[in-house]
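Enquirer: let's see this in three dimensions:
(one chain, ligands or ions: 1)
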Amino acid sequence: MEMTMRWFGANADKVKLADIAQVPGVKGVVGMIMDIPAGEVWPKERIKALKDEVEAAGLTLKVIESVNIHDDIKIGLPTRDKYIENYKTTIRNLAEFGIEVICYNFMPVFDWLKSDLDYRLADNSQTMAFVAKDIPADPQVIIDRVQAADGGFSLPGWEPERLSEVKRLFDAYKDVDEAKLRENFAYFLKAIIPTCEEVGIKMAVHPDDPPYPMFGLPRVVKNRDDLDWICNVVDSPSNAITLCTGSIAEDPANDVYAIMAEFVKRDRIPFAHVRNIKFLPSGEKDFYEAPHKSEYGSLDMHKILKAMYDNGFDGYIRPDHGRMIWGETGRPGYGLFDRALGASYLSGLWEALEKADK
Ligand SMILES: O=C(O)[C@@H](O)[C@@H](O)[C@H](O)[C@H](O)CO
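Expert: Below you'll find the predicted structure:
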């Protein structure tokens, strides 16, 4: 297991690499080049510059999150082949600089969705929440809300230039139902996984967040059976999963512990986002993002890490969204302090699992 933290790049993150390097247990960063639009090739010199910068801080760069998938691929337009070729070039370029895992998602239009980016806990820490009745019927309302609360940092998957086109995008998806989205997903995987195998990269899909349809858009990475379908559609260790415990557990019907155990055992989880959520009494699927430690949320983090440990997990972990605490401001979910506490806590649990085993 190697502990990492996500970093958005010097121009896009308030958190400094030097600060991440001081977090006990954290060995690497999960990197990103925010200004390359989905569909374009990541040039070698940009990747090299990122890697050099990360390594100069004493950290490793083995995981990229995300190389986003152009909507034309998800919609299945004829232009998709051009974007798939670009994606393959990016895979080759990343492999050349030692990248092992690419995290991505296959959600139409939006990345993750929350109703509240400034949800206050009793201790006045600031977190994010999903309360179904507060999700407006008009997606534009939620876009405006996210952009008003993003702390001045465009949130991953919520880049203003894409979302300005949201009406056109919704229209383009009108004939894409779940079966069609799956077909387009299979087409994409069949095209890129041979390249991944050749260069030694694992593509690791992130579960839909939340793991059920939103705004009438289909979703196909929602539960155990979807993950099984993905693993089987191209049966290769290069076709893998970023298991995000928070996202998958947002549907109480999903057994996060069993899903983790099964897919680690099948050697399909090279990267995990480990976070806790706390269900709210207001609705079956309402929750807020809790501090990582088990006692604050609805998930048992020891049980999650034990499912990973017992089944031979040897990939990368990162703490996930943290609260804003101690006066910190910045990109919602991605401050330094609470994620550092999360990383430390998860590392401690992992040490205990290792020692109990000896
Ligand atoms: O919620 C988050 O912040 C992340 O987990 C996602 O933005 C994640 O990076 C993507 O869904 C993967 O492409």
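Enquirer: output the strand or helix carrying Lys82 as PDB, nothing but the C-alphas.
Expert: Taking DSSP states H and E as the criterion, Lys82 maps to helix 80-96. Included here for helix 80-96 are C-alpha records, laid out as PDB according to Å, rounded to 0.1, in the frame of the first residue of the first chain:
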ATOM      1  CA  ARG A  80     -15.200   9.700 -30.900                       C
ATOM      2  CA  ASP A  81     -12.500   7.800 -32.800                       C
ATOM      3  CA  LYS A  82     -10.300  10.900 -33.000                       C
ATOM      4  CA  TYR A  83     -10.700  11.500 -29.300                       C
ATOM      5  CA  ILE A  84      -9.900   7.800 -28.600                       C
ATOM      6  CA  GLU A  85      -6.700   8.000 -30.600                       C
ATOM      7  CA  ASN A  86      -5.700  11.100 -28.600                       C
ATOM      8  CA  TYR A  87      -6.500   9.200 -25.400                       C
ATOM      9  CA  LYS A  88      -4.200   6.400 -26.500                       C
ATOM     10  CA  THR A  89      -1.400   8.900 -27.200                       C
ATOM     11  CA  THR A  90      -1.900  10.300 -23.700                       C
ATOM     12  CA  ILE A  91      -1.700   6.800 -22.200                       C
ATOM     13  CA  ARG A  92       1.600   6.200 -24.100                       C
ATOM     14  CA  ASN A  93       3.000   9.600 -23.000                       C
ATOM     15  CA  LEU A  94       2.100   9.000 -19.400                       C
ATOM     16  CA  ALA A  95       3.600   5.500 -19.400                       C
ATOM     17  CA  GLU A  96       6.800   6.900 -20.700                       C
END
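Enquirer: helix or strand right after that helix?
Expert: If you walk from helix 80-96 toward the C-terminus, the next helix or strand you reach (DSSP H and E) is strand 101-104.
Enquirer: show me what that following strand is packed against.
Expert: Counting contacts by 3 or more CB pairs under 8 Å, 6 or more residues apart in numbering; DSSP states H and E, strand 101-104 packs against strand 60-65, strand 202-205, strand 239-244. Glycine gets a C-beta too; all of them are placed from N, C-alpha and C.
Enquirer: I'd like these as a markdown table, with mean neighbour count, distance to Gly25 and mean pLDDT appended.
Expert: Conversion of the helices and strands packed on strand 101-104 to a markdown table gives the following (neighbours: other CB atoms under 10 Å; distance: least, CB to CB, whole Å; pLDDT from 0 to 100):
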| stretch | mean neighbour count | distance to Gly25 | mean pLDDT |
| --- | --- | --- | --- |
| strand 60-65 | 24 | 13 | 98 |
| strand 202-205 | 26 | 21 | 98 |
| strand 239-244 | 27 | 20 | 98 |
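Enquirer: indicate which one of the ones you listed is closest to Ile36.
Expert: Comparing the helices and strands packed on strand 101-104 by their distance to Ile36 (CB to CB), the top pick is strand 60-65, with 11.1 Å.
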